[in-house]
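1. Give the three-dimensional model of this entry:
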Amino acid sequence: MSAVIEAIDMEGIPAFCQGIQYFAPSLPDLERLGDRACLSETVHAVADPADARAVYQTLLAADALRYLTLQVTGAKSSGHPGGFASSADAYAAMVMLGHTNIVTEVGHHAPGFYSAMFLDTSLEDMGIRSVKDMRERFRETHGLLGHLSGAIPGLLAPAGPLGQGQHFAMAGALLHPGKLFPVTIGDGGLGEPYIMSSFQHFCTAYPHATNFLPILVWNGYSQEHHSMVSTWDNDRMLGYWRGHGFKNVHIVNAKDFDDRNQPGEYVDSTLFSWEKRMEFTAFLLRTAAAAAQQALNGEPTAIIMKQLKGAGVHATGSKSHNLYGHHTLESEDIKSGLQRRALPLRAWELARENFRRAGGGPAVKTVVTEFELAIPELGTLPLTEYPVGKENRVPTTAFGEVAAAVGKRDSRFLVTNADGNEASAMANINQALTIRHPTLDELYFQGPGGQVYEPLNEDACAGLAAAVSLFGGRSLWCSYESFAVNGLPIWQTVTQGMAELRRKTPSTVTLFTAGALEQGRNGWTHQRPEIEAYFAAMVRNGNVHTLFPVDANMIQTAYQWALGSYNKGIVITASKSPLPVRTTLEQGRRAVEEGAIVLHESEGKGRVVFAVVGDMMLLPVFEAAQALAQHGTGVRIVSVVNPRRLYRPSDVSWDTVSQPDGRFMDDDAFDRLFGADALLAVSGGPSASLEPVLLRSNAPKRDVFCWKRGETAATPGQLFDLNGMNANLLTQRALALLGR
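-> Next up is the predicted model:
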């Protein structure tokens, strides 16, 4: 390559290039193969991957992405350039082939994805029009987050914790047949146990939804050391993917084209001679085109991109992963890395033009998540009103009837459950919607066309359900409360992403059953109510609601309310045991909307208020109320149904989120419910869900009864005893607070 020009007259330089530090005066074959852009207003994808001009301009695009990645991270001495650098060629190939609905499992690839959105002009929607703008706003508030966010124009999904991106690609494939969803997977992240198992279950359950294309970035290194699959040979890696449901697995191995005798199995293609770089890119483009067509034609397909981590930037291996304070635009490693990747102005113009035209226009105007997905109207749902005070009813069974009706009216509605709906007293969902399984068996309500997705993997359940909601569809994740934690990282990521979206999308709804009090015989391994504290902390985010319906009527209205919401995370927690019906449907609607409801009130000397979270927890509380009445004490039992409503507006970031909900209970209403001589906040789970009550209560005497730990027990009553929250102890403490 010719000598790099470090300082040039910026007069006449395109505005988008302002902020690029180094330009090269020329490149081999630029005049011949760069005379015009391959893509245009009428040509949105390379038709012939063997065309020399297409190969050449794909190579230029990859180097442009590498340069920008290093330029913006170096500007902040922060961020992750190395991982994306080894995948830049594959990303460029997908774009040149017109496949721009690209997601990733690797949040560390963020600067590369932002660079792609800059080249195609999507970032102009957030005021980033030049490289200078991008440098200034990288890793800054209201700018380009350190890890991918769905708030960034043109990007389909967030990416933070490893092992999540595949769910977005599969959800896209389900909701948008005919479109390809490439997803880059890091070989460091391949150590996450869920990626391949979720692929395998999906390929088995949806054998015709093959329009997603995993691209393994096999670069030999993880964040701070060699990746755990770095010692595998090519045959083992190919077999690994074939063994997880992929019919076609293509490997693009940079080492096959190396003419610089680089040591080791992983090499840097940017060090090849120009001729070999062209050969390498030509093979990649042909392979990518063939793989994309196979995936779109109904054959599960994957690409393995084998190239050294950090290819083409300031360092290689794990040393390329992250920048630190000593990495500046003046440090020799960053400076020389930028100079090696410098491009002529003409190359920048070609990359810009091709990315702007790929797939029909900038990603912000073309990718599927930039538009609201049309979904069927549900109409009036068939709710069943159970008589108050008559027979006990199972809340989850009542819920199941409503969920079944939703599935009948929305054929794309998806229910996920790892531990089984039948085990949660919701066999009615399976009976109505069918478990999706290749084996038809009416005894188990299973068949290949079902809407119930049951991998024995909470990550896969939470992942696909949450991703479907993020991509615009309706879904429901059902889980035993005790196992939900395994799926929470992606649910949290998606919920946070929904808070930032610039469009409406159905809320991601969950139902958690079989709480600790119902799991006595299973012992402490199945008693994990602490999960509720996780959700309680998320409530302050602004778009999360935790709902605790008290009976079979209220749970129906809670779900109805959730179905009418957008861009939120809705957590419904309920029992699978027969419980008293305490409210009408109308009372349930008001309780969910207002936040709490009075279930019992009696007059007497002094007044104690029980603020209760949960349905089964009400059993000893009502028993305690009867005992207190015999002592002549006034009692009010208030069920805390939607704790988010009970916070003060300043406690919650409600006004910072998409589709904000600013309704909170005012002080007068709160005092009418919770004003008393003594307050007992009671929960069958952790105390965190009662925080808003404890924050606002003016009761002179207060105490908390909540879960402590699990144990094997024959009945819920024994667990109440073990945790010190039975009726007798509640009664004694209430009297003590009143000074009796």
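2. Identify the residues contacting the residue lying closest to residue 311 once chain neighbours are set aside.
-> Closest residue in space to residue 311, ignoring its immediate chain neighbours: residue 268 at 4.2 Å, by CB to CB, 6 or more residues apart in numbering. C-beta coordinates here come from the backbone N, C-alpha and C atoms, glycine included. Contacts for residue 268 (CB atoms under 8 Å, 6 or more residues apart in numbering) come out as 254, 262, 307-308, 310-312, 316.
3. same deal with residue 606?
-> By CB under 8 Å, 6+ apart, residue 606 lies in contact with 633-634, 677-678, 738.
4. Relative to residue 468, which of those residues is nearest.
-> residue 678 (46.5 Å; CB to CB).
5. wait, that closest one sits on residue 611?
-> No: counting by CB atoms under 8 Å, residue 678 stays clear of residue 611, with 11.2 Å between them.
6. the more surrounded of these two?
-> residue 611 (29 against 22; other CB atoms under 10 Å).
7. Under a three-state scheme, what state does that one occupy?
-> Residue 611 falls in the strand class when you classify it by DSSP: H, G, I helix; E, B strand; the rest coil.
8. Once you drop chain neighbours, what's closest to residue 434?
-> That would be residue 450: by CB to CB, 6+ apart, it lies 3.3 Å from residue 434.
9. so who does the nearest residue to residue 131 once chain neighbours are set aside touch?
-> Leaving aside its sequence neighbours, residue 131 sits nearest to residue 19 (CB to CB, 6+ apart; 3.2 Å). Residues in contact with residue 19 (CB under 8 Å, 6+ apart) are 71, 130-135.
10. Distance of residue 19 relative to residue 67?
-> Distance of residue 19 to residue 67, computed by CB to CB, to the nearest Å: 11 Å.
11. where does residue 513 fall, phi/psi-wise?
-> The phi/psi pair for residue 513 (degrees, to the nearest 10) reads phi -120, psi -180.
12. For beta bridges, what are the partners of it?
-> Listed by DSSP bridges, the beta-bridge partners for residue 513 are residue 480.
13. Hmm, residue 576 and it touching each other?
-> Yes: Residue 513 is within contact range of residue 576, at 4.9 Å (criterion: CB under 8 Å).
14. Quick check: neighbours shared by these two?
-> Common neighbours of residue 513 and residue 576 (CB under 8 Å, 6+ apart) are 396, 424-426.
15. Just the closest of those to residue 673, please.
-> Out of the shared contacts of residue 513 and residue 576, the member with the shortest distance to residue 673 (by CB to CB) is residue 396, at 27.2 Å.
16. Contacts only, for that closest one.
-> Contact analysis of residue 396 by CB under 8 Å, 6+ apart lists 424-426, 511, 513, 555, 574-576.
17. buried sites along stretch 536-544?
-> Buried residues in stretch 536-544, counted by 16 or more other CB atoms under 10 Å: 536, 538-539, 541-544.
18. taking the residues you listed one by one, which sit in strands?
-> Within the buried residues of stretch 536-544, residues falling in strands by DSSP state E are residue 544.
19. The buried residues of stretch 536-544 into CSV, with extra columns for distance to residue 292 and pLDDT?
-> Listed next are these as CSV, based on distance: CB to CB, whole Å; pLDDT from 0 to 100:
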residue, distance to residue 292, pLDDT
536, 45, 96
538, 38, 97
539, 42, 97
541, 37, 96
542, 39, 96
543, 36, 98
544, 38, 98
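20. which one of the contacts of residue 396 is nearest residue 258?
-> Nearest to residue 258 among those is residue 511, at 53.9 Å by CB to CB.
21. And the nearest residue to residue 577 once chain neighbours are set aside, how far from residue 714?
-> Of all residues not flanking residue 577 in the chain, residue 518 sits nearest, at 5.6 Å (CB to CB, 6+ apart). Distance, residue 518 to residue 714, using CB to CB: 12 Å.
22. More neighbours: these two, which one.
-> residue 518 (22 against 9).
23. quick one: contacts for the residue lying closest to residue 128 once chain neighbours are set aside?
-> Counting by CB to CB, 6+ apart, residue 128 lies nearest to residue 134, which is 5.2 Å off, once chain neighbours are set aside. Shown in contact with residue 134 (CB under 8 Å, 6+ apart): 19, 68, 72, 114-115, 118, 123, 128, 144.
24. try it again with 7 Å
-> 19, 72, 114, 118, 123, 128, 144 (CB atoms under 7 Å, 6 or more residues apart in numbering).
25. show me where pLDDT drops low in the stretch 401-550 of the chain?
-> Within the stretch 401-550 of the chain, no range satisfies pLDDT under 70.
26. mind listing the helices in the stretch 451-600 of the chain by residue range?
-> 458-470, 488-500, 531-539, 552-563, 585-594 (DSSP state H, counting those that start in this stretch).
27. List just the one of those helices that sits closest to residue 625.
-> Nearest to residue 625, of the helices of the stretch 451-600 of the chain and by CB to CB, is helix 585-594 at 18.4 Å.
28. Would you indicate which residues of the closest one are buried?
-> Using 16+ other CB under 10 Å as the test for burial, helix 585-594 gives 585, 587-592, 594.
29. With stretch 700-712 instead?
-> By neighbour count with 16+ other CB under 10 Å, stretch 700-712 contains the buried residues 701-707, 710, 712.
30. Taking these, tell me the two that lie furthest apart.
-> Within the buried residues of stretch 700-712, 701 and 712 form the most distant pair, 35.0 Å apart (CB to CB).
31. ok, residue 395 touching residue 551?
-> Yes: between residue 395 and residue 551 there is a contact under CB atoms under 7 Å: 6.1 Å.
32. Return every residue with contacts to both of these two.
-> Contacts common to residue 395 and residue 551, judged by CB under 7 Å, 6+ apart, are 579, 615.
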